[in-house]
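**Student:** sequence first, then the predicted structure, then my questions.
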Amino acid sequence: MPRLAAPDPLSEAIGRRVRGLRTELGLTQERLAFESGTIGKGHLSDLEKGLLRPTVQTLKGVADRLGVQLLDLVTFPEEGPRQALVDATRNLPASTVAELLRDARQRLRPAPSAPTRRDPAAVPAPFKIVQPKARERFVTCVPLLGLDLAAGGFEPGASDPTTTWVTPATRRKLREGMFVARVVGRSMEPRIPDGSFCLFGAPAAGDLRNRTLLVQHRGIHDADTGTSYTVKRLDREGPASQGRVRLLPDNPDYAPIELREADDADLRVVAELLEVLSG
């Protein structure tokens, strides 16, 4: 990688980007160079000054050590809204990025000739994204999660710096264990329209019969999401220790999910639906 006699605009922009991300992590040039394994300290110094045209392999090693995508090193927010969008989503959890991507794709779909169902993308989000202080978490705001994350073992807490916090449009008193997530699919319509953001609370305690729950089971293949989690009303026949469990939809077009007694032990109740949020 030959040293340039003078910086060029692209090399300078890449250098500023690398220096900014390195500074965010509190890394020295020496440590980043050593731990990336693709560049020496002197070359890294030149790169940050815009005096080096790095190879893709070099940038990939630097990006991996910085914990970002290669794209993040060649994204310059000041150049326009697309670049600013990439930068703004860099530290969001994957589940939130997936929600944003789904919304964007829905907006790009051609309009149907006759509206047959609600377009979730056309409905304003019933919450405000905030950056709370520690003492405000679960008091004025709760986490925003994808259902895949919630069903995969979410334990409401304030320690993850990548958590997106929102103030939901509700009159309920917020508490630890609550979170907001979007429910996808039509099985609970009309009570829960497809794409609705809902407020959930964990843990769900007491007699759970006929309550609407977010549950996970390795044997479930939800017709709407194609995954092992689902939002349904719980119906249990017989004592909780040995009764058969049925997960009931509100929409009559959908069949109940019935679990055998042997499967019941693997059913995990993640949270209870508290409220369908509206703007």
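**Tutor:** Okay, I see it.
**Student:** now K232: which helix or strand?
**Tutor:** strand 229-237 (DSSP states H and E).
**Student:** quick one: buried residues of that strand?
**Tutor:** 229-236 (16 or more other C-beta atoms under 10 Å). To be clear about C-beta, it is placed using only N, CA and C from the backbone, and glycine gets the same treatment.
**Student:** out of those, who's nearest R172?
**Tutor:** Nearest to R172 among the buried residues of strand 229-237 is V231, at 18.2 Å by C-beta to C-beta.
**Student:** give me every residue that touches that closest one.
**Tutor:** Counting by C-beta atoms under 8 Å, 6 or more residues apart in numbering, V231 touches 147, 183, 187-188, 192, 198, 212-215, 273.
**Student:** where's the dip in pLDDT among those residues?
**Tutor:** On pLDDT alone, L147 ranks lowest of the contacts of V231, at 56.
**Student:** which element follows the strand holding K232 toward the C-terminus?
**Tutor:** Sequence-wise, the next helix or strand downstream of strand 229-237 (DSSP H and E) is strand 244-248.
**Student:** which regions of the protein lie under the pLDDT threshold?
**Tutor:** 1-2, 77, 79, 106-123, 147-162, 218-228, 237-243, 260-266, 279 (pLDDT under 70).
**Student:** quick one, strands of it?
**Tutor:** 127-130, 142-145, 164-168, 178-183, 196-201, 212-216, 229-237, 244-248, 257-259, 268-276 (DSSP state E).
**Student:** okay, now the sheet partners of the fourth one, with direction.
**Tutor:** Strand 178-183 pairs in its sheet with strand 142-145 (parallel), strand 196-201 (antiparallel), by DSSP bridges.
**Student:** ok, residues contacting it?
**Tutor:** For strand 178-183, the external contacting residues (C-beta under 8 Å, 6+ apart) are 99, 120, 127, 138, 142-147, 150, 154, 156, 166, 168, 192, 194-202, 214, 231, 271, 274, 277.
**Student:** picking that back up, with distance to P54 added, can I get the strands of the chain in TSV?
**Tutor:** Below are the strands of the chain laid out as TSV (distance: least, C-beta to C-beta, whole Å):
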stretch	distance to P54
strand 127-130	35
strand 142-145	36
strand 164-168	32
strand 178-183	40
strand 196-201	42
strand 212-216	44
strand 229-237	43
strand 244-248	54
strand 257-259	53
strand 268-276	45
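**Student:** quick one, which of those strands is nearest to L70?
**Tutor:** strand 164-168 (23.9 Å).
**Student:** distance between that closest one and the chain's centre?
**Tutor:** Centroid separation between strand 164-168 and its chain, computed with C-alpha atoms, centre = their mean, to the nearest Å, is 12 Å.
**Student:** contacting residues for the closest residue to V166 other than its chain neighbours?
**Tutor:** The shortest distance from V166 to any non-neighbouring residue, by C-beta to C-beta, 6 or more residues apart in numbering, is to F127 (3.9 Å). Residues near F127 by C-beta under 8 Å, 6+ apart: 144, 166-169, 180, 197, 277.
**Student:** try 7 Å this time
**Tutor:** Listed by C-beta atoms under 7 Å, 6 or more residues apart in numbering, the contact partners of F127 are 166-169, 180, 197, 277.
**Student:** same check, this time on V245
**Tutor:** Taking C-beta under 7 Å, 6+ apart as the test, what V245 contacts is 234, 236, 259, 264, 267.
**Student:** okay, the residues you listed in JSON lines with distance to I39 next?
**Tutor:** Below are those laid out as JSON lines (distance: C-beta to C-beta, whole Å):
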{"residue": "L234", "distance to I39": "56"}
{"residue": "R236", "distance to I39": "61"}
{"residue": "L259", "distance to I39": "55"}
{"residue": "D264", "distance to I39": "56"}
{"residue": "L267", "distance to I39": "51"}
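**Student:** and which of these is nearest T38?
**Tutor:** L267 (48.0 Å).
**Student:** tally of neighbours for the closest one?
**Tutor:** Using other C-beta atoms under 10 Å, the number of residues around L267 comes to 17.
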